[in-house]
Each structure stands twice: as structure tokens, then as C-alpha cells.
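Colleague: From the sequence below, what's the structure:
(2 chains)
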Amino acid sequence: DTEVTQTPKHLVMGMTNKKSLKCEQHMGHRAMYWYKQKAKKPPELMFVYSYEKLSINESVPSRFSPECPNSSLLNLHLHALQPEDSALYLCASSQGTGTVTYEQYFGPGTRLTVT
Amino acid sequence: EDQVTQSPEALRLQEGESSSLNCSYTVSGLRGLFWYRQDPGKGPEFLFTLYSAGEEKEKERLKATLTKKESFLHITAPKPEDSATYLCAVQAGSNSGYALNFGKGTSLLVTP
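Modeller: Have a look, this model is predicted:
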């Protein structure tokens, strides 16, 4: 089974709201990722967690705050977003990171609209 | 700087009309090249990983090949359900080691 689940599927929030996106995988993967994808563009990496530690933050604004409570869960906390943050937010996981090359498996995404 | 370029940007095929999508790359130390399929509003679906020049992989009507400069995704006798955006991504030794560098994708439409 190569399933990554994400909730909610859709989210509409105002610029002063606080919300969270959730991601879960039960494949025993030790690396999890957040990507942002705008319409008709490829996914852009935001954060990487490896063995539950944040290992990459691609200069993402502080209004996005990731959290990895355990090896199966990944959250993205959102606060004071801007309309330009509206996008499809994708979670992915892989067996690991580092010297071995692993494919990443993506979830269905959360469609976020900031009003 | 690592670069991944996919062509064409869009492709329209008749059902049964075979064709190929191209992904050319310029990276330092390729560790893997990945093909994904993405349907509108959904997450990318993993198709293939290729590691070294000369490698080929097949899945149903799809066949991926790799040379030192490019990869091809061959689609044989496509069906309308093959319509999607196909994304190519590379993982290279020059970056973090596990970040995927995506091309812009090829949007494929297969008509009956």
C-alpha cells in the first residue's frame, strides 16, 4: 500500500484565521515532505522532515509552521496567510533520505483558498 | 544550476496514436530520474524511477527510458484515460540529496 492521506480536501480561510493541514502515512516511511503547487506549475518543495526532525526549510515564510508529531504524521500550521498563498498543498513521504535514492509518494493534496 | 526541461508543453493524440514525451536534464551527479502522472486537482502519482543511462522500465502502455542527457516516456496505443499531466523530476547530488527538481510537465490529451 502506497497511500498518503491528507485532510481536509478543501479549505477556505480568511487572512486572520489559524488553520492546520494534516498528513498521514502508514508505510513506515521516515521522511515526509510539504510541497506547494500553484495552477499549471510543478510542485515546489517547502519543508522536509527526516526521522521526525526538520532537515530542510526552503526559505518559507514564518506564517507556515510545520510539525511532525511522530513518524506517521505531518502537520502544516497556517496563520495570517495572504491571498497569494492560495494553492494545492501536497504532502509526500519516502522511505528515507540521504545517500540512497527513494521515490516520493504524494497525497491527494489540500486545495487552500485564502480570502 | 540544475535544470529539467520537458517537451512538448502540451500534446493532443488520437486514441491509439503512439508518441513520446521528452525530459532533458542538466544536473551534477544524477541520483535518480522520476516520472509522475498528475490528474487535475490531485497529487502526483508515482510511475517510474530510472537510475542510470540505458535503463528502461515499463508499465502497461508506458515505457520510460534514460540516456545521459534525457529521458523519454513512450506511450503506446494511448487511451482517453491516459489523459493527464506527466511530470519528470530529478534528484541530484548537487542539491540536498533528496529534494526533487521538477520539470514543468507535459499536458497530454487523448481523444476518442
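Colleague: Spit out the contact partners of residue B:49.
Modeller: Neighbouring residues of residue B:49 by Cβ atoms under 8 Å, 6 or more residues apart in numbering or on different chains: A:101, A:103, B:32, B:33, B:34, B:57. C-betas here are computed from N, CA, C, even on glycine.
Colleague: How about the residues of chain A by chain B?
Modeller: A:2, A:4, A:6, A:31, A:41-43, A:45, A:48, A:50, A:55-56, A:58, A:88, A:90, A:92, A:94, A:97-99, A:101-109, A:111 (Cβ under 8 Å from any Cβ of the partner chain).
Colleague: gap between residue B:34 and residue A:7?
Modeller: From residue B:34 across to residue A:7, the span is 26 Å (Cβ to Cβ, to the nearest Å).
Colleague: Compare these two (neighbour count), which wins?
Modeller: residue B:34 (23 against 13; other Cβ atoms under 10 Å in any protein chain shown).
Colleague: okay but that one is in contact with residue B:44, surely?
Modeller: No: applying Cβ atoms under 8 Å as the test, residue B:34 and residue B:44 come out as separate, 9.1 Å apart.
Colleague: Do me a favour and get the end-to-end distance for stretch B:57-74?
Modeller: Across stretch B:57-74, the terminal residues are separated by 10 Å (Cα to Cα, to the nearest Å).
Colleague: Is any residue of it near chain A?
Modeller: No: using Cβ under 8 Å from any Cβ, stretch B:57-74 never reaches chain A; the gap is at least 11.8 Å.
Colleague: Show me which positions of that stretch end up buried.
Modeller: Buried residues in stretch B:57-74, counted by 16 or more other Cβ atoms under 10 Å in any protein chain shown: B:62, B:63, B:64, B:65, B:66, B:70, B:71, B:72, B:73.
Colleague: quick one: average pLDDT of it?
Modeller: In this model, stretch B:57-74 has a mean pLDDT of 97.
Colleague: Show residues contacting that stretch.
Modeller: By Cβ under 8 Å, 6+ apart, stretch B:57-74 touches B:18-26, B:33, B:35, B:47-56, B:75-79, B:82, B:86, B:88.
Colleague: Check those for burial and list the buried ones.
Modeller: With neighbours counted using 16+ other Cβ under 10 Å, the contacts of stretch B:57-74 contain these buried positions: B:21, B:23-25, B:33, B:35, B:47-50, B:75, B:78, B:82, B:86, B:88.
Colleague: Run through the strands of chain B in chain order.
Modeller: Using DSSP state E, the strands of chain B run over B:3-7, B:10-14, B:19-26, B:30-38, B:45-50, B:56-59, B:62-66, B:70-75, B:84-92, B:101-102, B:106-111.
Colleague: quick one, which of these is nearest to residue A:69?
Modeller: Minimum separation from residue A:69 across the strands of chain B (Cβ to Cβ) falls at strand B:45-50, 25.3 Å.
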